[in-house]
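**Student:** Pasting the sequence and the predicted model now:
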Amino acid sequence: MGTNYDIVRDHYAASGRQDFAGMFANVSDTVEWTEMAGFPCAGTWIGPQAVIDNVFKVLGSTWDNYRFDLGQLVDAGDVVVGIGTYSGSYRATGKPMQARVAHVWHIASGKVVKFEQFTDTLLVADAMC
């Protein structure tokens, strides 16, 4: 088992490959995954399948070239913070979007137990209108 930093780094690498199994290999079956209010997938989703269905599949079906580019990964022990940029174009409008984001990951016993997203939801909403 790798460090908490490795767990989050590996999640992002798997996400870049669109590899759900790799993304959720070290995620608790009862993970609390929160997308910000105002974000298209807003809410707290419990468990990997709920996150896949309500976040990743939704983003993949409504945005073209939706991606997260990691700029920095900050290791704070049981908490790891990923800082980067979202980008993509909303299919219904064709408008592009780019927004800075921070992801806060809580890890216990080698598993992600909580995730929280912070981003400028207005930039995302503007692309959707």
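**Tutor:** Ah, there it is.
**Student:** all contacts plus neighbour counts: C-alpha atoms, from now on.
**Tutor:** Will do.
**Student:** mind checking the longest helix of the chain?
**Tutor:** Longest helix of the chain, by residue count under DSSP state H: helix 4-16.
**Student:** Quick one: list the elements packing against it.
**Tutor:** helix 20-23, strand 63-76, strand 79-90 (3 or more C-alpha pairs under 8 Å, 6 or more residues apart in numbering; DSSP states H and E).
**Student:** could those be laid out in JSON lines, adding mean neighbour count, distance to Asp53 and mean pLDDT?
**Tutor:** Formatted as JSON lines, these follow (neighbours: other C-alpha atoms under 10 Å; distance: least, C-alpha to C-alpha, whole Å; pLDDT from 0 to 100):
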{"stretch": "helix 20-23", "mean neighbour count": "16", "distance to Asp53": "11", "mean pLDDT": "95"}
{"stretch": "strand 63-76", "mean neighbour count": "15", "distance to Asp53": "15", "mean pLDDT": "96"}
{"stretch": "strand 79-90", "mean neighbour count": "20", "distance to Asp53": "18", "mean pLDDT": "98"}
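**Student:** Of all these, which one comes closest to Ala37?
**Tutor:** Of all the helices and strands packed on helix 4-16, strand 79-90 sits nearest to Ala37, with 16.2 Å by C-alpha to C-alpha.
**Student:** that older thread, and the longest helix of the chain, what's buried?
**Tutor:** 4-5, 7-12, 14-15 (16 or more other C-alpha atoms under 10 Å).
**Student:** Give me the contacts around it.
**Tutor:** Here helix 4-16 makes contact (C-alpha atoms under 8 Å, 6 or more residues apart in numbering) with 20, 22-24, 26, 67, 70, 73-75, 77-80, 105, 107, 110-111.
**Student:** same deal with stretch 29-43?
**Tutor:** With C-alpha under 8 Å, 6+ apart, stretch 29-43 has contacts from 44-48, 51, 54-55, 58-59, 112-119, 121-122, 124-125.
**Student:** What about those residues, which are in helices?
**Tutor:** 48, 51, 58-59, 121-122, 124-125.
**Student:** So, low pLDDT: which residues of the protein?
**Tutor:** 1 (pLDDT under 70).
**Student:** Quick one: buried ones out of the contacts of stretch 29-43?
**Tutor:** Here, 16+ other C-alpha under 10 Å leaves 44-48, 51, 54-55, 59, 112-119, 121, 124 buried among the contacts of stretch 29-43.
**Student:** No more questions from me, cheers.
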